[in-house]
Structure formats: structure tokens, C-alpha cells
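Asker: Structure of the sequence below:
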Amino acid sequence: MLRCLVRWMSRRDAPRVTVLSERPDECTRTSALPAIQNVPLLGQWAWYDAWCRGAAWRLVRELRDYDGFVGGGGDVLRDDRGWKHLSFATEKYFVAHALGTPWYVLNAGIGPPRTGYGRRLLRFVLRRARQVVVRDRAAYELALALRGPAGTWFAGDIVLSLPRLFPDECRATSSLPLVARPYVLVCLRGNPDAFGRFALTEARLGRFAAALDALADQGLRIAFLPFQQHDTEDDDTTHRALSERMRRRDAVTFVPWTVDIATIAALFREAALVVAMRLHAAVVAEAFGTSTVVLPYDRKLGELARQRGLPMLDVTALDDLDATRACLEDAILGRAAARAHGPDVAEAPPHDWLAIDFAV
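Answerer: Model (predicted):
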């Protein structure tokens with residue numbers, strides 16, 4: 001997502017991009033972009049380190065040097081995770097406002113506010129933004145209500161434009177070894193029940209494993225790919241728990257994450273099926289037209305599936321082995337979308353990222 005945004009912005013006056021990151025060293029290593037340390041400014045956590053040790057002062061001084069601030073970049077503008085999450089996601093906009101720095105909300109998912117403070121914060125951020133580009137219909141309608149149509153766009157997730165933003169890399173043959181074909185690419189989340197909607201109980205893990213075994217019995221390899229691996233969440237934790245319950249562990253491959261676009265493109269382009277709990281696993285699969293089953297642990301997965309007409313495997317479906325197997329097998333054969341959804345849901349966003357100018 002970061003590399004797509006930078007490539008898109010670079011078409012207009014080639015802005016110099018610095019990333020605000022909680023892991024600046026890792027960000028610089030993986031993106032080749034300069035990064036500065038992000039810290040909470042309102043004492044949400046680590047207040048002593050932020051203010052007594054000077055990290056917050058350093059951050060505010062550094063923010064004075066920039067001509068613009070880009071936020072959004074995911075599903076962070078939401079108040080259903082509490083005031084700490086929302087305030088951390090919005091406080092830098094207030095710093096930008098105090099410094100007279102324009103800001104942009106790009107590739108955003110925006111949750112409908114459930115609290116008065118949430119609505120006020122979102123109204124402030126969206127109304128004063130120079131440009132707002134959102135990735136789903138619900139966020140677009142909310143942005144229109146709080147901000148109006150001027151400079152407001154619904155363009156889908158920018159990663160859907162990956163093959164057009166990076167055409168050479170996405171056509172190239174990967175220089176890294178990939179899993180043997182044919183294979184199913186499985187991208188789960190380290191904490192599936194983060195929002196209390198996808199509890200992978202022991203029984204459900206067992207049925208999920210049995211459904212993957214059935215695919216392996218048909219000659220498919222099962223490849224697990226993590227999208228996050230750090231101290232607070234490691235996707236391979238769930239992958240290992242699932243693979244350990246499989247009978248056909250000989251068909252399992254663990255694919256290491258890489259930032260090499262050619263490798264990622266090839267992995268998703270050549271898969272027989274992508275089983276996606278990670279949003280951007282579903283987005284990349286959709287970008288390459290690969291059959292996909294979405295596991296909606298959060299509303300943003302459901303919104304993407306409805307917008308693009310993708311089949312969903314809800315957590316309750318994992319209570320029925322036959323239903324789980326049928327969902328996966330039908331998706332490989334291309335039948336699931338037509339069976340699971342009506343004709344009105346495969347909606348293309350009305351705007352195209354490559355047709356929108358970065359409003360410098």
C-alpha cells in the first residue's frame with residue numbers, strides 16, 4: 001500500500017516522502033524511504049518515554065519541516081476501538097493544523113462513528129483535508145455527509161492498481177523460488193478475533209484443517225503467507241495452529257514475507273485460490289483476478305467482498321465441514337460468487353486512482 005501511494009503521488013511534482021512509523025528502522029529497510037519515529041502525543045500509552053525522554057518533542061519539531069501530511073492509509077479512522085486508538089490516529093492532523101500544514105486522507109477506510117467525540121474528530125479531519133480518497137462505499141457516503149463532494153473520491157483500495165502502477169514488476173518472473181504449483185495461498189491474521197467476530201475455536205480449526213486436507217487430497221499444495229510478523233502480532237501463529245491440525249502436513253509450505261513486488265505478484269497471480277483474512281491479501285488477489293475466499297474478521301473484509309462480489313466464509317460456516325469445503329472448492333471452480341451474491345453487488349468504484357491528481 002505504501003509503495004503504491006508513493007508511486008501514485010510521484011506522478012505529480014515528485015514529492016519527497018518521509019514515513020511516520022512506529023518501527024522506523026524496519027520501514028526504511030523494507031521501503032527504502034526515510035522514516036521518523038511515531039509516538040502518541042496525548043499520553044495514550046508510553047507517556048513517560050514520549051514526553052519525559054523527549055520523543056514527542058522531537059517528533060513535533062520534525063513535523064515542522066514538511067509541506068504536507070498524508071494520513072488514512074488503512075482502516076484507522078474509527079472509534080469502535082476506543083478513544084486511544086482514534087486519538088492516536090487523528091492527533092497528528094491537529095499538529096498539522098497548528099503548524100498550518102495541509103493534509104490529505106488517502107486510501108482510507110472510515111468507520112461510522114458511534115460516539116459524539118468520534119463524530120466531531122472525523123468531521124474536523126475530513127472537512128479540513130485538502131483531498132479525501134476512500135476505498136469503500138460506506139466510507140464514501142460518510143465522507144460526503146461530513147465533508148461534501150469537493151475533493152472527495154471513492155476509488156477502491158489503491159493496491160487494486162498495483163499491476164498498473166508497477167507494470168514491469170508485475171509481469172516479471174520472480175527471482176525467488178515460489179511454492180510448487182498448483183497451490184492454495186492462505187493468509188490469515190495472528191489474532192483472528194481482534195474485533196470479537198471471528199473466534200477460531202478448537203472445533204473450527206479442526207474443520208478448517210480438514211477442508212484444507214480435502215484440497216491437498218486433490219493435488220493442491222497449501223501455502224501460508226504472513227502479512228505481519230512482529231512482537232505484537234505474528235500471522236504465522238494462526239498458520240501454525242491450523243497446519244498442526246492438518247492430516248496432510250506434507251502438502252504444507254510456509255512462504256516467507258517479502259517486499260519484492262515481482263515475487264508477491266507471482267505468488268498471487270499463479271495461485272489456484274487465495275484464502276484471505278488479511279484485507280490486502282484479498283485486494284492483491286482481486287488485482288490479479290485470482291479466485292478468492294474472504295474470511296470477514298472485520299467489517300472492512302465484508303465491505304470489500306460485497307463491493308467486488310467475492311465469496312465469504314463466515315466464522316459460523318466453519319461449524320459445518322461440508323459448507324466450508326464447498327465454499328473453497330466452488331471458489332476454485334469460479335462458482336461461488338454467482339451463488340453467494342446477488343447481481344447488484346459486484347460494484348466497480350466510480351473513480352480510478354490513476355485518473356485522480358494528487359492535489360498538491
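Asker: okay but Leu144 is in contact with Phe154, surely?
Answerer: No. Using Cβ atoms under 8 Å, Leu144 is not in contact with Phe154, being 9.0 Å away. Heads up, the C-betas are built off the backbone N, CA and C, glycines and all.
Asker: Those two: who's more crowded?
Answerer: Of the pair Leu144 and Phe154, Phe154 is the one with more neighbours under other Cβ atoms under 10 Å, namely 21 against 15.
Asker: Which helix or strand contains the residue nearest to the more buried one when sequence neighbours are not counted?
Answerer: Among residues not flanking Phe154 along the chain, Tyr140 sits closest, at 3.7 Å (Cβ to Cβ, 6 or more residues apart in numbering). Using DSSP states H and E, Tyr140 maps to helix 137-146.
Asker: Helix, strand, or coil at Arg119?
Answerer: Put simply, Arg119 is helix when judged by DSSP: H, G, I helix; E, B strand; the rest coil.
Asker: so it touches Pro112, yeah?
Answerer: No. The pair Arg119 / Pro112 is not scored as a contact, 9.2 Å apart, by Cβ under 8 Å.
Asker: partners of Phe254 in the sheet?
Answerer: Residues in a beta bridge with Phe254, per DSSP bridges, are Phe224.
Asker: picking up where we left off before, and the residue nearest to Phe154, what does it touch?
Answerer: Tyr140 makes contact with Val134, Thr152, Phe154, according to Cβ atoms under 8 Å, 6 or more residues apart in numbering.
Asker: Give me the distance between the first one and Asp67.
Answerer: Distance check for Val134 against Asp67: by Cβ to Cβ, to the nearest Å, it reads 23 Å.
Asker: So the two - more neighbours on which side?
Answerer: When Val134 and Asp67 are compared for neighbours, Val134 comes out ahead with 29 against 9, by other Cβ under 10 Å.
Asker: now that one: how far from Ala56?
Answerer: Taken as Cβ to Cβ, the span from Val134 to Ala56 is 30 Å.
Asker: Thr90 now?
Answerer: For Thr90 relative to Ala56 (Cβ to Cβ), the value is 16 Å.
Asker: Can you list phi and psi of the closest residue to Cys187 other than its chain neighbours for me?
Answerer: Leaving aside its sequence neighbours, Cys187 sits nearest to Ala281 (Cβ to Cβ, 6+ apart; 3.5 Å). Main-chain dihedrals, Ala281, degrees, to the nearest 10: phi -70, psi -40.
Asker: Could you check how far the residue of the chain most remote from its centre is from Val39?
Answerer: The C-alpha centroid of the chain is most remote from Cys52, which lies 34.0 Å away (Cα atoms, centre = their mean). For Cys52, the distance to Val39 (Cβ to Cβ) stands at 12 Å.
Asker: again with Thr232
Answerer: For Thr232 relative to Val39 (Cβ to Cβ), the value is 16 Å.
Asker: Kindly indicate which of the contacts of Tyr140 lies nearest His97.
Answerer: Closest to His97 out of the contacts of Tyr140 is Thr152 (19.1 Å), distances taken as Cβ to Cβ.
Asker: For that closest one, grab phi and psi.
Answerer: phi -120, psi 130.
Asker: how about it, what does it touch?
Answerer: Thr152 neighbours (Cβ under 8 Å, 6+ apart): Val132, Val134, Tyr140, Ala143, Leu144.
Asker: pLDDT and distance to Leu160 added to those, as CSV?
Answerer: Formatted as CSV, those follow (pLDDT from 0 to 100; distance: Cβ to Cβ, whole Å):
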residue, pLDDT, distance to Leu160
Val132, 97, 18
Val134, 96, 13
Tyr140, 95, 15
Ala143, 96, 19
Leu144, 96, 21
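Asker: Same list (those residues) but as TSV, adding distance to Cys187.
Answerer: Output for the contacts of Thr152, formatted as TSV (distance: Cβ to Cβ, whole Å):
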residue	distance to Cys187
Val132	28
Val134	23
Tyr140	26
Ala143	28
Leu144	32
